[in-house]
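Q: Got a sequence here, can you build the structure:
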Amino acid sequence: MLKQRYRTEIGIISDILGLIMDCGRSGMIISSIARRANLSHYTAIEKCQKLTDLGLMESTSNDKSRTFVITDKGIQFFQQLQKFLNIIQEVKIRY
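A: As a prediction, this is how the structure comes out:
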């Protein structure tokens, strides 16, 4: 039986930014982010708040939900992060 590998924080952030980037300018609600990124609701909120504080995402709230949209800075960060992760995989470093 293979041992399950856990994602690093950079892996989780990459997953979240990728999901939100795929949604475009309509954004994604936190429950969808949590479900599609395979995170608990609390962890998804925590990571999204961190990304919002860094200016990589923006959030809007209405009565029932909170929606997150990636910023231009977030798109640039995500693209650079993907280049970095590709290099890491080529060199076979576990991240």
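
Q: quick one: low-confidence ranges for this protein?
A: Low-confidence segments of the chain (pLDDT under 70): 1-5, 94-95.

Q: the helices in it, which residues?
A: Secondary structure of the chain (DSSP state H): helices located at 9-23, 30-36, 41-53, 72-91.

Q: Would you tell me which of the ones you listed gets closest to residue 61?
A: Smallest distance to residue 61 across the helices of the chain (C-beta to C-beta): 9.8 Å, for helix 30-36. All C-beta atoms are positioned from the backbone trio N, CA, C, and that covers glycine.

Q: re the thing from before, minimum distance to residue 62: which of the helices of the chain has it?
A: Using C-beta to C-beta and comparing the helices of the chain, the one that lies nearest residue 62 is helix 30-36, at 12.0 Å.

Q: roughly how far out does that closest one sit from the chain middle?
A: 10 Å (C-alpha atoms, centre = their mean, to the nearest Å).
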